[in-house]
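1. Build me a structure from this.
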Amino acid sequence: MFFVALFLAGPMALFTFGRLILKSKSEVFQQRVFTFLSLSCFGLFLQLCLYARLQWLFTITVLAIALLMAKYLYQQLRRVVVFQLLMAGVALLFAVPVFINQVQYSETWMDQPDAIENVVFKKTPNIYLIQPDGYVSFSELGKGLYDIDNEAFEQFLLQKNFRSYPNARSNYSTTLTSNASLFGMKHHYYNYGYNFSERLDARRVILADNPVLRILNNNKYTTHYLAEWPYLLVNNSEMGYDYCNFSADDIPLLTQGFDAYKDVLPSLRSEINKNQEQPHFFFIELFQPGHIATNKIESAGAAQEKIWWLTKLEEANVKLKAVVQLIHDKDPDALVVILADHGGYVGLEYMRALQEKTQDRDELYSAFSTLMAIKWPQDQPPKFDSKLKTNVNLFRILMAYLGENERYLDYLEDDGSYHIVDRKAVKGVYKYIDDAGEIVFERQN
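-> Model (predicted):
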């Protein structure tokens, strides 16, 4: 209803009201006013559709163009309206397949090949999944396109009994696509589509209903989602977690998800000791160090983007230390997982550059390498923890550990890393890194 009012009812009311109050004015004056209103609304709505927010430079440009058109080209108003209608008709044609995809969308890709959703935990420690966005593995930080010293933070985790998995990778290249496969415990292959950042219905999959949440609920876990920004909550009317540090009132209907920041520590501190009769699961999402600029037009160049990323890495280390220390002090027997969603893309000029075919090992690992470090209860990892290679299999391995049933390891997904390529190759979804960590280029059917 909000969008119907914004894009349809609002403009209709504006023009109808304008017609009434201007009917005593000259026809030329009316044409100028309506030319300005028509172009202003069109330009501002276009901006909202592209960016989900108003940007001052874009807005000033739109209004300036509308003023000039209203002054000098007002006699072309009818042609402008016809042109807008033609553009709307073209957009409607493109909207039809999108609508069909939405209607036909199926979550069968998350169906599990075994009875893992019925697993009964023999161990029920509190579980903390801490996700620092864009944090690459320690092994990659020390070489390649990063080549930096992060020894102090690595030693901090060792002192807290974390075991690092140095060659860990994500299977997908963005927050939504990576987390959808993480909580779905299956590959989705970008839905075999061509939008590398958004996977259809990904937010609902991550936060509302997925195999991991169902397993945790079946084992009487209380679930908590704590985030610095409500990025995953955009357009999400369902919440599958028992607690979230954001409410619906905190999130505008028109937003990119970065309008309201919250420090996760106060919520974690207040929730960590509640209801000790039940085990707890915490998904804690931190948005640093993040990644370099997404688009070429936004990039300051590979060198400068790396400098900015390194600054955010230092800030991320401070936050991670605070969260880990709090859990260490308040819940020393917990199972704590630090797992990034994807790499930082350092060394590339911008993220989407990876949509052009490449076989450069360092560039690919810059995008897919992820920090994975786990603090196992009583410092006793399972004997099969060597199978921890990529995000998609993390929870299946954890379920085998908690349920003390290695049969669930018979259905691990392949550890490939996938990306959408649309330049210098036939457009499609390609495997860039295989199970063994080798660089390949295999199109997925």
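2. Any figure for the gap between the closest residue to Ala293 other than its chain neighbours and Phe17?
-> Sequence neighbours aside, Ser299 is the residue nearest to Ala293 in space, at 4.1 Å (criterion: Cβ to Cβ, 6 or more residues apart in numbering). Heads up, the C-betas are built off the backbone N, CA and C, glycines and all. Ser299 sits 44 Å away from Phe17, taking Cβ to Cβ, to the nearest Å as the criterion.
3. More neighbours: those two, which one.
-> Here Ser299 and Phe17 are compared on neighbour count by other Cβ atoms under 10 Å; more neighbours surround Ser299, at 18 against 10.
4. any idea how far Phe58 is from that one?
-> Between Ser299 and Phe58 the computed distance is 18 Å (Cβ to Cβ).
5. Repeat that for Val324.
-> Look at Val324 and Phe58: by Cβ to Cβ, they are 41 Å apart.
6. Look at these two and report which has more neighbours.
-> Taking neighbours as other Cβ under 10 Å, Val324 and Phe58 compare with Val324 leading, 20 against 16.
7. Then the more buried one would be within a helix, right?
-> Yes. When classified by DSSP: H, G, I helix; E, B strand; the rest coil, Val324 is found to be part of a helix.
8. so what's it closest to, chain neighbours aside?
-> For Val324, the closest residue by Cβ to Cβ, 6+ apart turns out to be Lys160, at 5.9 Å.
9. is it true that that neighbour touches Ile374?
-> No. Applying Cβ atoms under 8 Å as the test, Lys160 and Ile374 come out as separate, 11.1 Å apart.
10. What helices and strands are in contact with the strand or helix carrying Tyr432?
-> Element membership of Tyr432 [criterion: DSSP states H and E] is strand 428-433. Contacts of strand 428-433 with other secondary structure elements, assessed using 3 or more Cβ pairs under 8 Å, 6 or more residues apart in numbering; DSSP states H and E, are made with helix 361-368, strand 417-421, strand 439-443.
11. Mind listing what's buried along the helix or strand of the chain at the bottom of the mean pLDDT ranking?
-> Across the helices and strands of the chain, the lowest-confidence element by mean pLDDT, DSSP states H and E is helix 77-104, at a mean of 86. The neighbour-count check on helix 77-104 (16 or more other Cβ atoms under 10 Å) flags Leu77, Val80 as buried.
12. Look up phi and psi at Glu275.
-> For residue 275 the amino acid is Asn, not Glu. According to degrees, to the nearest 10, the main-chain angles of Asn275 amount to phi 50, psi 70.
13. between Lys160 and Ile374, who's got more neighbours?
-> When Lys160 is set against Ile374 and neighbours are counted by other Cβ under 10 Å, the residue ahead is Ile374, at 22 against 16.
14. What pLDDT is listed against Tyr401?
-> In this prediction, Tyr401 carries a pLDDT score of 97.
15. Please tell me I have it right and it contacts Lys122.
-> No. Between Tyr401 and Lys122 there is no contact under Cβ under 8 Å: 9.4 Å.
16. Which one of these two is surrounded by more residues?
-> Remark: of Tyr401 and Lys122, Tyr401 carries more neighbours, 24 against 10, as counted by other Cβ under 10 Å.
17. Remind me which helix or strand the closest residue to the more buried one other than its chain neighbours belongs to.
-> In space, not counting the residues next to it along the chain, Tyr401 is nearest to Pro382; the distance is 4.6 Å by Cβ to Cβ, 6+ apart. Secondary structure from DSSP H and E places Pro382 outside every helix and strand.
18. Now do Pro382 against Asn405, distance only.
-> From Pro382 over to Asn405 the distance is 11 Å, taken as Cβ to Cβ.
19. Check Gly347 too.
-> To Asn405, Gly347 is 42 Å away according to Cβ to Cβ.
20. Those two - which one has more neighbours?
-> For the pair Gly347 and Asn405, the greater number of neighbours falls to Gly347 (22 against 16), based on other Cβ under 10 Å.
21. helix/strand/coil for Pro289?
-> With three-state DSSP as the basis, Pro289 sits in coil.
22. contacting residues around it?
-> Remark: with contacts taken as Cβ atoms under 8 Å, 6 or more residues apart in numbering, Pro289 is in contact with Pro132, Asp133, Gly134, Tyr135, Trp309, Leu310, Lys312, Leu313, Glu315, Ala316, Gly344.
23. Could you measure from it over to Asn405?
-> The gap separating Pro289 from Asn405 is 37 Å, by Cβ to Cβ.
24. just to revisit the earlier point, what pairs with the strand holding Tyr432, parallel or antiparallel?
-> If you go by DSSP bridges, strand 428-433 pairs up with strand 417-421 (antiparallel), strand 439-443 (antiparallel).
25. by contact count, what packs against the least confident helix or strand of the chain?
-> Counting contacts by 3+ Cβ pairs under 8 Å, 6+ apart, helix 77-104 packs against helix 27-51.
26. after the helix it packs on comes which helix or strand?
-> On the C-terminal side of helix 27-51, the nearest following helix or strand under DSSP H and E is helix 56-72.
27. can you give me the angle that next one makes with helix 27-51?
-> Relative orientation of helix 56-72 versus helix 27-51 (axes from the mean of the first three to the mean of the last three Cα atoms, to 10 degrees): 160 degrees.
28. ok now helix 56-72, how far from the chain's centre?
-> Centre-to-centre, helix 56-72 and its host chain are 34 Å apart (Cα atoms, centre = their mean, to the nearest Å).
29. Residues in contact with it: which ones?
-> Applying Cβ under 8 Å, 6+ apart, the external contacts of helix 56-72 come out as 32-33, 35-37, 39-40, 43-44, 47, 51, 76, 80.
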